[in-house]
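Chemist: here is a sequence with its predicted model. Questions after.
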Amino acid sequence: MRLQLLSDIESGVYAQKLLEIGEGHLHTDQERMVLFTHQFCHVVESEDELNDQVFPNLQQYILDKNWLCERTILAPKNETVAKINKKILDEITSETSGYNSIDTVMSSDDTTSYPVEFLNSLGLSGVPSH
């Protein structure tokens, strides 16, 4: 199977490697660990180095939506994603806007079932946290 993303052959090769990993077809060492080459990934020593590798010159390109769409950091847990996002957002020096969330229920009958603390603790996918 040949994969291509937006006519980008390199992305297709990357996607094919991910499929091979998922299907267990890549060579492993004696501890059954997948061996990656530098063509597939770049190992970093810290979160800061990871952010610098994925988002180099962030201040210069922060308003370029095409540049941003070409970059992503994947993490297995939402709490890790939130930590990385906060660190990256703290680096942005341009003007920011704050938006208040709504933490009330539609029906007054539900007030005791859904206290404000509970509503504020929800972490919904695709929705910013409270």
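Modeler: Looks like it arrived, so ask away.
Chemist: any weak-confidence spans in the chain?
Modeler: Along the chain, the parts satisfying pLDDT under 70 run over 1-9, 104-105, 110-112.
Chemist: assign the spatially most distant residue from the centre of it to helix, strand or coil.
Modeler: With distances taken as C-alpha atoms, centre = their mean, the residue sitting farthest from the centre of the chain turns out to be D109, at 37.8 Å. Secondary structure state of D109, per DSSP: H, G, I helix; E, B strand; the rest coil, is helix.
Chemist: so who does H130 touch?
Modeler: The neighbours of H130, taking C-beta atoms under 8 Å, 6 or more residues apart in numbering as the test, are S101, D103, L119, N120, S121, L122. In short, each C-beta sits where N, CA and C put it, glycine included.
Chemist: export the residues you listed as TSV, with columns for secondary structure, neighbour count and distance to I21.
Modeler: Formatted as TSV, the entries for these read as follows, by DSSP: H, G, I helix; E, B strand; the rest coil; neighbours: other C-beta atoms under 10 Å; distance: C-beta to C-beta, whole Å:
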residue	secondary structure	neighbour count	distance to I21
S101	coil	11	38
D103	coil	14	41
L119	helix	14	39
N120	helix	11	38
S121	helix	10	35
L122	coil	12	33
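Chemist: max pairwise distance over the residues you listed: which two?
Modeler: Longest distance between any two of the contacts of H130 is 11.7 Å, between S101 and S121; criterion C-beta to C-beta.
Chemist: re earlier: between the contacts of H130, which is nearest S11?
Modeler: Within the set of those, L122 lies nearest S11; the separation is 34.4 Å, counting by C-beta to C-beta.
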